[in-house]
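Trainee: Provide a 3D model corresponding to the input given below.
(chains A and B)
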2 protein chains.
Amino acid sequence: MYAFMQSSVYCCIMEANDQVSSKKYAADISSIREAQERISSLVHRTPVLSSETLNSISGRKLHFKCECFQKGGAFKFRGACNAVFSLANDQATKGVVTHSSGNHAAALSLAAKLRGIPAYVVIPKNAPKCKVENVIRYGGQIFWSEVTVQSREEMAAKVLQDTGAVLVHPFNDARIISGQGTISLELLEQAPQIDTIIVPISGGGLISGVALAAKSINPAIRILAAEPKGADDAARSKAADHIVTLPETKTVADGLRAFLGSLTWPVVRDLVDDIILVSDKEIIDAMRLCYEILKVAVEPSGAIGLAAVLSDGFKKNPAWEDCNNVGIIISGGNVDLGVLWDALIK
Amino acid sequence: MYAFMQSSVYCCIMEANDQVSSKKYAADISSIREAQERISSLVHRTPVLSSETLNSISGRKLHFKCECFQKGGAFKFRGACNAVFSLANDQATKGVVTHSSGNHAAALSLAAKLRGIPAYVVIPKNAPKCKVENVIRYGGQIFWSEVTVQSREEMAAKVLQDTGAVLVHPFNDARIISGQGTISLELLEQAPQIDTIIVPISGGGLISGVALAAKSINPAIRILAAEPKGADDAARSKAADHIVTLPETKTVADGLRAFLGSLTWPVVRDLVDDIILVSDKEIIDAMRLCYEILKVAVEPSGAIGLAAVLSDGFKKNPAWEDCNNVGIIISGGNVDLGVLWDALIK
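Mentor: Numbers count the residues shown, from 1 in each chain, chains lettered A, B, ... in the order given. So this is what the prediction gives:
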């Protein structure tokens, strides 16, 4: 239900973007390459790390695209930057608005700061402290909402009306999807042998961009989503062949609680080969491996790709037996150390 | 006293290496380039990360060379690999011996495993658990010693006699110094604008290699050592103009408790421009910044370069006012999460 509400609330954006209606999907390889040109001097080209130990544990060659090292600590800055810098001057002056549990809010604040325009962000009261601190650090103006998607959206609509700023949805936005797609352009240059990419799935902005770019470059590449069992709306959507939302979600991965949108669903439906469900325990175990073996500070959402590749759902599925070179997108690293610790010692 | 004992114990190695006696220092740009050729297919070319937030906090442009992502989780693998792979076949068959608080032991074990020869490592009883686990993971055979340098060395001498293996000292060895120097070759390719490099100092193998290579490429580059106040033997050595050792050391940085050796002291004396002393609190604060801002899991020794650049000793010294582009070597990331946590919440 919420997903349809989202799409109606944000239809103004979709209509404003000419690309959307004229194509099968909200973005394509051209819009993604344009995004790369627009943002490449602003974003970090994040490194791809590998570990013999993790290769040995997983039985595959793993290539970790470390978006936790992206500005703002998450991949979100790519899409936010593309959205903010593709605005015409007269659109941009009144600023940008969004709602987000944290990473997109911080990313949009930073992108707006770089362009010299205001950013207004609606944040639910349960957002991780470190993500809120990032918003403050980057000069975003915070409006608090209750934790429900409905409350977030109502507050965002109010701020939108009061400020006249442009809404930039965290994922259901063609510019956002194109920006996130630049990850694939880099990754497949850095590790061209990759035959599979595992991507965290939430609202679907990241995986849509990644899938559209990667399948355009190499149609044989497998795109697998990793989703928490306690927020398995995307898996249910694929099974039902329409967007399914959940009355509530329950997962340690605070960044993976959103539902698919009208622009991301068609890509997930058509281009995502499978969705691998993992438990919170598997996510925490993977997070520990990221710290102890890979030496990378990740948030739970960021560790889910590794959790997926180590899960029985992946390892025992004969369809993925020949996935030899697996790209894993570590989506972000913004975690309160206290929360991390509580999770690790449980 | 211990340092001199070390040099007498290991004189067999020094004499075996023709380079040592014929040159002013144990290594030079040629031996470092040879090391690079020897090991480049075996080691990770580690990425250089940057953070606008940390640039802003420090007032400089910081370039973090992340050796925590090196195989084995620390720069030590470079030197160990160079030593192991420069052995003639007849030397190599009996294996290698060393003593180390952990990172060198693990690195040597891994290098020996890659060459298919045994590694015997003497480890003090107080070594961090994760470092010991690395040794086991890489197939090293462990001999436990008491925590003193004397006990380590006596045990190493015994193992040496029993096995007939080749001793590879953690730092007082020309092959080790040359291997560590390959860091500078990479770093100055990755960030040629660097005018200063800050390097953790312990036995001096890392900083000797880094200084020899960097000053050969660009004589104007500043090489600054970062040392814990509780293990300030290198600073005292520079002040006294001869090697000074301490009756005991007290620092959270378990990797920085060794004293300079006969091969590293001349380089430190001549090519290290200054030594910046930092407190354990400054180290822990820097470690937290590495986790929270840079998203890198570092050990205390690995965070000391950042601690130094943020210290008053660096910031308020007019000699370093024009250090605009500072390379910081994050030496390693092997830390027990429990120990980390205890340190962070103090």
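
Trainee: okay, now residue A:269: neighbour count?
Mentor: 16 (other CB atoms under 10 Å in any protein chain shown). Bear in mind the C-beta positions are built from the backbone N, C-alpha and C, glycine included.

Trainee: That one touches residue A:240, doesn't it?
Mentor: No - in this structure, residue A:269 is not within contact of residue A:240 by CB atoms under 8 Å, at 10.4 Å.

Trainee: For the nearest residue to residue A:307 once chain neighbours are set aside, give me its contacts.
Mentor: Closest residue in space to residue A:307, ignoring its immediate chain neighbours: residue A:286 at 3.7 Å, by CB to CB, 6 or more residues apart in numbering or on different chains. By CB atoms under 8 Å, 6 or more residues apart in numbering or on different chains, the contact list for residue A:286 reads A:278, A:303-304, A:306-307, A:310.

Trainee: Same check on residue A:185?
Mentor: Taking CB under 8 Å, 6+ apart as the test, what residue A:185 contacts is A:32-33, A:36, A:213, A:217.

Trainee: could you redo the last one with a cut-off of 6 Å?
Mentor: Counting by CB atoms under 6 Å, 6 or more residues apart in numbering or on different chains, residue A:185 makes contact with A:36, A:213.

Trainee: any idea which helix or strand carries it?
Mentor: Assigned by DSSP states H and E, residue A:185 falls within helix A:174-190.

Trainee: What of residue A:97?
Mentor: Assigned by DSSP H and E, residue A:97 falls in strand A:96-99.

Trainee: show me the contacts for the closest residue to residue A:295 other than its chain neighbours.
Mentor: Of all residues not flanking residue A:295 in the chain, residue B:333 sits nearest, at 3.5 Å (CB to CB, 6+ apart). Residues in contact with residue B:333 (CB under 6 Å, 6+ apart) are A:295, B:68, B:73, B:297-299, B:302.

Trainee: most surrounded residue in these?
Mentor: That'd be residue B:302 among these, by other CB under 10 Å, with 34 neighbours.

Trainee: what does stretch A:52-68 rub up against?
Mentor: A:46-50, A:75, A:187, A:191, A:194, A:293, A:298, A:302, A:309-310, A:324-333, B:295.

Trainee: likewise stretch A:252-263?
Mentor: Residues outside stretch A:252-263 that contact it (CB under 6 Å, 6+ apart): A:2-3, A:6-7, A:26, A:101, A:128, A:171-172, A:200, A:202-204, A:228, A:231, A:233-234, A:237, A:243, A:245, A:249, A:268, A:280, A:283, A:300-301, A:304, A:343.

Trainee: With stretch A:24-32 instead?
Mentor: The contact list for stretch A:24-32 (CB under 6 Å, 6+ apart) reads A:19-20, A:174, A:177-178, A:181, A:212-213, A:216, A:263, A:266-267.

Trainee: Residues of the stretch 51-200 of chain A that sit close to chain B?
Mentor: A:68-69, A:73 (CB under 6 Å from any CB of the partner chain).

Trainee: In the stretch 151-300 of chain A, what residue comes closest to chain B?
Mentor: residue A:295 (3.5 Å; CB to the nearest CB).

Trainee: Could you identify the helix or strand that succeeds the helix holding residue A:185?
Mentor: Counting by DSSP H and E, what follows helix A:174-190 is strand A:196-200.

Trainee: Can I have the buried ones of the contacts of stretch A:24-32 as a ChimeraX selection?
Mentor: Selection of the buried residues among these in ChimeraX, burial being defined by 16 or more other CB atoms under 10 Å in any protein chain shown:
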select /A:19,20,174,177,178,181,212,213,216,263,267
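
Trainee: Please identify which helix or strand holds residue A:219.
Mentor: Under DSSP H and E, no helix or strand contains residue A:219.

Trainee: Look at it and report its pLDDT.
Mentor: On the pLDDT scale, residue A:219 is placed at 97.

Trainee: do the same with residue A:109
Mentor: Residue A:109 carries a pLDDT value of 96.

Trainee: residue contacts, it?
Mentor: Contact analysis of residue A:109 by CB under 6 Å, 6+ apart lists A:119, A:135, A:138-140.

Trainee: That one - nearest residue in space that isn't next to it in sequence?
Mentor: Nearest to residue A:109 is residue A:140, by CB to CB, 6+ apart, at 3.0 Å.

Trainee: That neighbour - how many residues pack around it?
Mentor: Residue A:140 has 26 neighbouring residues, counting by other CB under 10 Å.

Trainee: And the one 4 residues further on, by the same measure?
Mentor: Using other CB under 10 Å as the criterion, residue A:144 is surrounded by 12 other residues.

Trainee: Identify the bridge partners of it.
Mentor: residue A:123 (DSSP bridges).

Trainee: Quickly note the distance from it to chain B.
Mentor: Using CB to the nearest CB, to the nearest Å, residue A:144 is found at 23 Å from chain B.

Trainee: circling back to that earlier point, got the buried residues for the helix holding residue A:185?
Mentor: A:174-188.

Trainee: chain center to it: distance?
Mentor: How far helix A:174-190 lies from its chain's middle: 11 Å, per CA atoms, centre = their mean, to the nearest Å.

Trainee: re the thing from before, between the contacts of residue A:286, which sits nearest residue B:41?
Mentor: If you rank those by distance to residue B:41 using CB to CB, residue A:306 comes first, at 25.8 Å.

Trainee: how about the nearest residue to the closest one, chain neighbours excluded?
Mentor: Residue nearest to residue A:306 in three dimensions, not counting chain neighbours: residue A:286, with 4.1 Å by CB to CB, 6+ apart.

Trainee: Just read off the phi/psi values of that neighbour.
Mentor: Main-chain dihedrals, residue A:286, degrees, to the nearest 10: phi -70, psi -40.

Trainee: same check, this time on residue A:324
Mentor: According to degrees, to the nearest 10, residue A:324 has phi -90, psi -40.

Trainee: can you check the one 5 residues further on too?
Mentor: Dihedral angles of residue A:329 (phi, psi; degrees, to the nearest 10) stand at phi -90, psi 110.

Trainee: wait, doesn't it sit right on residue A:201?
Mentor: No - counting by CB atoms under 6 Å, residue A:329 stays clear of residue A:201, with 10.6 Å between them.

Trainee: Which one's more surrounded, these two?
Mentor: Per other CB under 10 Å, whichever of residue A:329 and residue A:201 has more neighbours is residue A:201, with 31 against 27.

Trainee: which residue sits closest to residue A:277 in space, ignoring its chain neighbours?
Mentor: Sequence neighbours aside, residue A:229 is the residue nearest to residue A:277 in space, at 4.8 Å (criterion: CB to CB, 6+ apart).

Trainee: number of nearby residues for the one you found?
Mentor: Counted with other CB under 10 Å, residue A:229 comes out at 16.
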